[in-house]
Every structure is written in C-alpha cells, then in structure tokens.
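Asks: I would like the atomic coordinates for the input below:
(chains A, B, C and D)
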There are 2 protein chains.
Amino acid sequence: MQEVTLKQIAEILQISVTTVSKALKDYKDVSPKTKAAVRNLAAKLNYKPNPTALSLRNRETKIIGLIIPEVVHHFFASIIHGVVLEAENHGYLVITLISNDSYELEKQQVALLLDKRVDGILVSLAGSTVHTHHISQIIKKEVPLVMFDKISDEIRCSQVIIDDWQAAFEATEKLILSGCRKIIHLKGPDGPKTSLDRFEGYKDALKKHRIPFHPSYVYTSKNVSIEDGYKLTEQALKDHPDIDAVFCITDLVAAGVHKYCKNHQIKMPEQISIIGFSNWLISELMSPSLSTVDQPGYEMGIRAVNLLIQEIGSKKSDEKSTLQKIVLPTKVLMRETTR
Amino acid sequence: MQEVTLKQIAEILQISVTTVSKALKDYKDVSPKTKAAVRNLAAKLNYKPNPTALSLRNRETKIIGLIIPEVVHHFFASIIHGVVLEAENHGYLVITLISNDSYELEKQQVALLLDKRVDGILVSLAGSTVHTHHISQIIKKEVPLVMFDKISDEIRCSQVIIDDWQAAFEATEKLILSGCRKIIHLKGPDGPKTSLDRFEGYKDALKKHRIPFHPSYVYTSKNVSIEDGYKLTEQALKDHPDIDAVFCITDLVAAGVHKYCKNHQIKMPEQISIIGFSNWLISELMSPSLSTVDQPGYEMGIRAVNLLIQEIGSKKSDEKSTLQKIVLPTKVLMRETTR
DNA sequence: AATCATTCCGAAAACGTTTTAGATATGAAT
DNA sequence: ATTCATATCTAAAACGTTTTCGGAATGATT
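Replies: Okay, the predicted model is just below:
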C-alpha cells in the first residue's frame, strides 16, 4: 500500500508538483479552478504530507525527547502523562527513554536523541549521574533543553522543579510542631540535588527550632527502596532506641519504615511518626496511611513541555530565549503516621 | 551549530559525496587511502548520518508507536519499561501515546502514528473502544501491528496476552478451596475482553465446584477505582450480609474493598477474603497484604516488541509473517487477604 | 598496438516536500 | 506597436542520504 504523494496527484491532474504543493498551501498564484481540483483529489485520496520529507526540508522533526530515571514510579508516570498530553496538544510527539538511574545509559540516550535530531529534550537526571558533560552537549548543539525535578545547577537551562528544601523544611517542622524531638532522616544518595536539598531542609528546620543536629541521626538509603527503609530503621533503632520520628527521602523508603514498625508492634504515630515524600499511591492506602509531601508530577510535565516548546519557538525565530525557572508548590499531607 | 554532513566532508577532502558515503559504508571500490582519510575526518568531526534523510531514502523511521489506555498504573508503566528498553536494544525508538481510555483519543492517535509513518504499532485498547475500524486501518495500510493485553478478536494480528480466563478461574478456585462459598465478583465494564474473560473464569470456577452462580453476586465497577471498590462493597454487604469473599477486576478496586473492611472492622481474611488482579505495588504494602494475580507487564512489553520487530523484518524482506499469539503465564499470589 | 581486466572515482537519480526565480500568455495602457 | 502589469504556471534547487551506472586511468595480456 503506497502512500499518496504530491507527484501522484500531479500526474493524475497533468500539472506540476509545484502547483499541487502551492494549491494545497493556498498560494495566490494558483487559479481557483486548479486549486479546487487539487484539493478535491487530495481529499479523495486522503493525501497526508510525508513528515519525513517535511522534516528534512524544514529541519525539524516535531518530536521531543524525554529522559527519565524510572517509569514504574507514581511521580514519573505522572510526568510522562503530562508531557505526552501537552506535547500532543502542540503538535509534538514524544520519544521516551528510561535511564534506569544509570549514568552510562543516560549518556547513551542523550546521544541517541541528539542523533535523531529531536526538536528539544526534557531531562530528569539519573541518581548516579555525576558529570554533566553529556547534558552540556545538548546546549552546545543548540538543542532546546529543559530540566525538571532532578536537575543540575551546572547546566544553564530552563527548569521546572519543586522547592525540595522548602518541602523538607515544612515536613520536618510539622514533625517538630507535633512534638517530635528526635527526628531521624533517611536521606538519599549524595549525588542528586533533590536529595541534598531535602537534607538541608531537614537540618534547617531543626536549627530554626533549636534542636541540635546529630549527624548520627542521618542514614543514607543507597537504593531508595522498601528494603533500605526496613533495614535502616532497624539500624536506627539499635543506635538510638528513643527516636520519635522519621523523615524519609521518598514514600518507598517510608514504606519500609512503616513495615518495620508494623512488624515490631511500634505504634504509628504514637511511638514513631513518619513522613515520606512524593505522595505515591501506596501512601494513601497503607494503614495507618502515610503522611507525605505531595509532588505535582502531572503539572510538572505540562509546564516543562510548555517551556520547551517556547524555547523551540524562539530558536526558530532566532530570538534569544530567556531562561526560566518554575518552582511548583508542594503540600505536606498530614495523614495517619503523624500526630 | 550546523550538523556535519557528507557534503562538508566531501568538500574538505575535495572528493565527491558519493565517495564519502561509500568510504563510510566500506564499499570495495574506494581505495584504502581515501577510505582512511574519510574515516578519520568523519570521526574527528563526529559525523552522524542524518536519520531524517535516511528515513526518506529507506522508507523507514526506526520509530515504533505505542498506544496504551493509562500510564499512571503499575501494569502499564511496566509495559512501557519493557517496550522502550527492548526497542532500544533493537535500534528502535518509541513514541508513546496515552488514550486515557477514550475511544475518540485512540482513533486520533492511531491516525497520528500512521501519518508519522512509524515502522510499527503496539496497541492496548481503551476501555471505551467498541469499534475497531481505526485498528483495521493499520492493517490495511500494511503497517505491522501487535496488540497486547486489551485486544480485540476482530483484528487479525499478533497478540501478547495473559489468559485472563485461566487467571480468574484459578483465583476463584483458590478462594473456593480455602473454604469460601459466597464469592462476590466486582467486575469491570462490559467492553474490554479482559474484563469479560475474567468474569467467565469466575463463573466457570464456581461451576466446576458446583457452587450456584448468582447474578446478584456480581457488581460492575464502572471506573475501576478505589472509590468503586469501596461503594460496591458497601452495596454488596447490604444485599448479601453473609458473603465470605470478593474477587476483583483489579487491585485498585480490591484496595477499595480492603479499605471498607478496615473501616468497618471486618476481618480479612477471617470474615472476608479478597483477591485482586495485576499485582500492583500497593497490594504488597497494604496490611493485611492483598492476594492478587501477578501479571507480567515488563515481559509482556518485551515480547510484544519482539513480535513487532519480527513482523517489520518480514515485511521488509517481503515474506509473509505468521501471526503469533503469545499467552504469558500468570500466578495467583496468596498473601494475607486469603486463607 | 590493440584488447581486456582491474581499480578508483563521480554524476545522476531517487526518496517527498517547499520555495525561489523565472517563463509564458493575456490584456491594458501608452 | 511597444511597454507594463497581472495571472498562472513550472523548472530547479535544496534538505542529506544511498546506489546504480558509467567513465577514466592503469597495468597486463595478446
């Protein structure tokens, strides 16, 4: 089944390809009669311009690339949803790539998208990404770039993020205001900025309320998993039997804490309060339901695409685009694991 | 920043574009000397063939389209993961589209992918899809097509599915064997085949064990949501206070049942056993943990891509591809909501 | 010296589109 | 009759590749 081309239409109508093209694009130097003839035939044959040919000529693919660290993940799945939907609304399609939190994969995938000549790229960094040279490549090639959530400050580009510091600060403060004093923090690996910012927020909340910060109250979850949460809770309770709260880098880790407490008859929130992060679906369904920080993934996706499309636009019209930084509000959801 | 082209290399080396192309593709009618020169320069300039030009010439985009009904969903997120990964391994990129369970959107998206001239399409139908004319369009245009999970038997194409009947049969039988007799089924909407098959499996398990089937024991969840699960449980208990088990179309609905039971001090599994479907992350984390049917999304994605790429291959070499139907095994996971 | 094979190269066509820069014809104004 | 404006069309180039075909040069064989 051959696709219909301008050439075929031209042959049938015994006119030139040029005229056919112009007729369809409503050029004024085509007679109304030919225009009508061309359009009728085009409609009848269901002519659709070949996007590859258009790409070659216009030097644009109408495709944007999206690189995320994970996909089986409430937050990132929401991001995909927002991105794909909003891109579609603007006539763009989205190629999604999953770095699986691997620096090496992420590098390859950036190269893949660049080679594919996508019109713009959306990136959220892998947890293990330390160098950002591959990201600067995107900028160097003058491909529009927007980073979201897991960003790097070394890269000059528009960003869509939440204020991780603020969110962590508020979450920690809520714990303090509810009476907790010995608050453990299960932090993420040292690479990601989100992880560091949340850690800082935790420390600053303590400072504000004149609660001494103990480095020994902080544990690092390498895999950011349920298992990590479980094991670190065990360790933390061994080190400090009198702790009264845990603030976690993410709900998954918090779920591990939750599980440990349940298995060991530690009452939540009476003995230990827990706050997670991201508002995974699971957090609402656990019992007692997990307090957490709501992180608007869907909206983040939409905003990121809009920023990107804006940049693509200003690149086309040769304007200089102004770098923007959108900080989306978060909300601490106090559910049943906090007092 | 201009991308490097064959022409540029040719000009620098003062040879023809043809020779450059041939040198890079190791044609034998290029002298070793020129070959070396071309290759060195190409490497130095980091030449990468323009994929759009290649697409135009080869009539292939190296892109496959994926249409799924939802994305913020453990099963479908796993599918994406499998699809994207396996496609990447075979040199294909994936454009993902989300129908949001809407027939209209799905139609548009099929047209979008067809217009974009993707090399193949992977579809899981929207819940509201009744007519499959848009899907037959794919076949009519001779674009390779593989359907997975939510398929339609009206379409002649390769398929990757689980045996929903079998899975539901086993799940129901496990309930029966554990002593349950008054088993409610919270089914999905009537459109999707998966939904109907699970219903049949439920009925046939009852029949095998000579338990009379009561239509009044079956409730339809329109939105397949937690809320539906909650409300339908309330209704079911009002209608039949003596029920001892619930088999649900999916874990989300089961989570609603779970919640209702918890709120009303109904003991699981002592008073009511529950089995869900799909093995969402939440099922493992609820307490008591939810028994469910494990549905291998990741593997399904991988298998579907492989089937598709196989078809793309046989289309290119003009062979007729044989339609395949892969039925992936499922496993009933008996956790804490069953005896 | 003529023929042949071999080696190396490049022109041209093709993929499907858009746009620039003419070409041709008609009629009107000088 | 010449010039000019207008209307309608098309050839050609361009985007970046690949491949077919033929040409030119070289050296070997008759």
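Asks: Following element in sequence after the helix or strand of chain A with the lowest mean pLDDT, please.
Replies: Across the helices and strands of chain A, mean pLDDT, DSSP states H and E gives its lowest value to helix A:281-285, namely a mean of 88. Per DSSP states H and E, the first helix or strand lying C-terminal to helix A:281-285 is strand A:292-294.
Asks: related to what we said a few turns ago, and the least confident helix or strand of chain A with chain B, contact?
Replies: Yes - on the criterion CB under 8 Å from any CB of the partner chain, helix A:281-285 is in touch with chain B at A:Leu281, A:Ile282, A:Leu285. In short, each C-beta sits where N, CA and C put it, glycine included.
Asks: Show me what whichever strand or helix holds A:Thr96 is packed against.
Replies: Using DSSP H and E, A:Thr96 maps to strand A:93-98. Counting contacts by 3 or more CB pairs under 8 Å, 6 or more residues apart in numbering or on different chains; DSSP states H and E, strand A:93-98 packs against strand A:63-68, helix A:74-89, helix A:103-115, helix B:74-89, strand B:93-98.
Asks: so which of these gets nearest A:Asp294?
Replies: helix A:74-89 (10.1 Å; CB to CB).
Asks: low-confidence ranges in chain A?
Replies: A:1 (pLDDT under 70).
Asks: Mind doing that once more with 80?
Replies: Applying pLDDT under 80 to chain A picks out residues A:1-2.
Asks: Distance across stretch A:243-262, terminal residue to terminal residue?
Replies: 16 Å (CA to CA, to the nearest Å).
Asks: Now do that stretch: distance to the chain's middle.
Replies: With CA atoms, centre = their mean, to the nearest Å as the basis, stretch A:243-262 stands 24 Å off its chain's centre.
Asks: residues in contact with the nearest residue to A:Lys267 once chain neighbours are set aside?
Replies: Leaving out its chain neighbours, the residue that sits closest to A:Lys267 by CB to CB, 6 or more residues apart in numbering or on different chains is A:Cys261, at 7.6 Å. With contacts defined as CB atoms under 8 Å, 6 or more residues apart in numbering or on different chains, the neighbours of A:Cys261 are A:Thr233, A:Lys267, A:Met268, A:Gln271, A:Ile272, A:Ile274.
Asks: Mind checking which of those residues are in strands?
Replies: Using DSSP state E, the subset of the contacts of A:Cys261 located in strands is A:Ile274.
Asks: Of the contacts of A:Cys261, which is the most crowded?
Replies: Highest neighbour count within these: A:Ile274, with 32 neighbours (other CB atoms under 10 Å in any protein chain shown).
Asks: before we move on, back to that, what helices or strands is the least confident helix or strand of chain A leaning on?
Replies: Short answer (3+ CB pairs under 8 Å, 6+ apart): helix A:281-285 packs on helix A:251-263, helix B:251-263, helix B:281-285.
Asks: Can you name the residues of the stretch 1-150 of chain A that neighbour chain B?
Replies: So far as CB under 8 Å from any CB goes, the stretch 1-150 of chain A lies against chain B at A:1, A:3, A:48, A:50-53, A:55-56, A:61, A:63, A:71-74, A:77-78, A:80-81, A:84-85, A:88, A:93-98, A:109, A:112, A:115-117, A:140-142.
Asks: are any of these buried, and which?
Replies: Buried residues within the residues of the stretch 1-150 of chain A next to chain B, counting neighbours by 16 or more other CB atoms under 10 Å in any protein chain shown: A:3, A:50-52, A:55-56, A:61, A:63, A:71-74, A:77-78, A:80-81, A:84-85, A:88, A:93-98, A:109, A:112, A:116-117.
Asks: Also within reach of DNA strand C: list those from those.
Replies: Among these, the ones lying near DNA strand C by CB under 7 Å from any atom of the strand are A:Glu3, A:Asn50, A:Leu56.
Asks: Now do the same contact list for the last one.
Replies: Contacts for A:Leu56 (CB under 8 Å, 6+ apart) come out as B:Asn50, B:Thr52, B:Ala53, B:Leu56.
Asks: Swap in 10 Å and give it another go.
Replies: A:Asn50, A:Arg117, B:Asn50, B:Thr52, B:Ala53, B:Leu54, B:Ser55, B:Leu56, B:Arg57 (CB atoms under 10 Å, 6 or more residues apart in numbering or on different chains).
Asks: which SS state does the nearest residue to the second one once chain neighbours are set aside fall under?
Replies: It refers to A:Arg117. In space, and not counting its chain neighbours, A:Arg117 is closest to A:Thr61: 5.6 Å by CB to CB, 6+ apart. At A:Thr61 the chain is in coil, as set by DSSP: H, G, I helix; E, B strand; the rest coil.
Asks: rewinding a little: can you tell which of the helices and strands packed on helix A:281-285 is closest to DNA strand C?
Replies: helix B:251-263 (44.6 Å; CB to the nearest atom of the strand).
Asks: What distance do you get for the residue nearest to A:Arg117 to DNA strand C?
Replies: Counting by CB to the nearest atom of the strand, to the nearest Å, the gap from A:Thr61 to DNA strand C is 13 Å.
Asks: That residue against A:Ala53, yeah?
Replies: No - when contacts are counted by CB atoms under 10 Å, A:Thr61 is not listed as touching A:Ala53 (12.0 Å).
Asks: Identify the contacts common to those two.
Replies: B:Thr52, B:Ser55.
Asks: ok, now which ones touch the residue nearest to A:Arg117?
Replies: Here A:Thr61 is in contact with A:51-52, A:54-55, A:92-93, A:95, A:116-120, B:51-52, B:55, B:61, B:63, B:116 (CB under 10 Å, 6+ apart).
Asks: Contacting DNA strand D as well, which ones from these?
Replies: B:Thr52.
Asks: The residue nearest to A:Lys315 when sequence neighbours are not counted: neighbouring residues, count only.
Replies: Distances taken as CB to CB, 6+ apart put A:Pro144 closest to A:Lys315, at 5.8 Å, once the chain neighbours are dropped. Residues lying near A:Pro144 (other CB under 10 Å) number 25.
Asks: Give me the distance between A:Pro144 and chain B.
Replies: Going from A:Pro144 to chain B by CB to the nearest CB, to the nearest Å gives 12 Å.
Asks: Tell me who's in contact with that residue.
Replies: A:64, A:118-122, A:138, A:157-158, A:307-316, A:321 are the contacts of A:Pro144 under CB under 10 Å, 6+ apart.
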